[in-house]
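J.: Following is a predicted model, sequence given first.
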Amino acid sequence: DTAVSQTPKYLVTQMGNDKSIKCEQNLGHDTMYWYKQDSKKFLKIMFSYNNKELIINETVPNRFSPKSPDKAHLNLHINSLELGDSAVYFCASSTGTSNTGELFFGEGSRLTVL
Amino acid sequence: AQSVTQLGSHVSVSEGALVLLRCNYSSSVPPYLFWYVQYPNQGLQLLLKYTSAATLVKGINGFEAEFKKSETSFHLTKPSAHMSDAAEYFCAVHTGGGNKLTFGTGTQLKVEL
């Protein structure tokens, strides 16, 4: 039974399209995140939600819009996709916002923009 | 700003040899430090964490790391490498509210027969 699950795992699309990635966690955690991993494996936080409230919003183009319908789900919608958006997007969750909290990651969603 | 630097983007060891992956941190306050591992086509998994308790931290799969304030280091070690240890390893530091982690650039560990 997967703890943090993301769909789809692979996504290939054309520039200019709009796409969404969904994430669900069944760990009962309060906090969820989106991270972007580029082709050089560099991992950077994008957003974080705690109990459906946005608490971290890094410098990300406003074409990226996260949505958290409840604390078990955090979706990522991307408008007007660009070549530079090609990356692996990881969803993660943790218990609360404590700085000693462990992050539990999903397996990633590989987005390829052509 | 707090950050971590991983020295060596690729490390290759023989099976049974010592594994040493280097991480240095920059922080004006006592840092909370982490090592994560990423196996191919998978998400990251926590190996161990330092949260200002014991300076020698033991993690899963036989890994450990020692926090050395004088050297601003948090190097990851394992006495004897196994083929299954081949993966990407990330050092990370807590850098802000909301459990925000900043990751290093990663070190690819290769284990050879």
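T.: Yep, it's here. Residues are numbered from 1 along each chain as shown, chains lettered A, B, ... in the order given.

J.: what sits opposite the spatially most central residue of chain A in the beta ladder?
T.: Residue closest to the mean C-alpha point of chain A, counted by CA atoms, centre = their mean, is A:Trp34 at 3.0 Å. Taking DSSP bridges as the rule, A:Trp34 bridges to A:Phe47, A:Cys91.

J.: That one against A:Leu43, yeah?
T.: No. Using CB atoms under 8 Å as the test, A:Trp34 is too far from A:Leu43 to be in contact (11.2 Å). Every residue, glycine included, has its C-beta placed from N, CA and C.

J.: Quickly list what's touching both of these two.
T.: A:Phe90 (CB atoms under 8 Å, 6 or more residues apart in numbering or on different chains).

J.: In chain B, mark out all the strands, start to finish.
T.: B:3-7, B:10-14, B:19-26, B:33-38, B:44-50, B:56-58, B:64-68, B:73-78, B:87-96, B:100-103, B:107-112 (DSSP state E).

J.: Pick the most deeply packed of those strands.
T.: strand B:33-38 (a mean of 24; mean count of other CB atoms under 10 Å in any protein chain shown).

J.: quick one, it and strand B:3-7 angle?
T.: Orientation note: strand B:33-38 sits at an angle of 50 degrees relative to strand B:3-7 (axes from the mean of the first three to the mean of the last three CA atoms, to 10 degrees).

J.: Pick out the residue in chain A sitting closest to chain B.
T.: A:Phe105 (3.1 Å; CB to the nearest CB).
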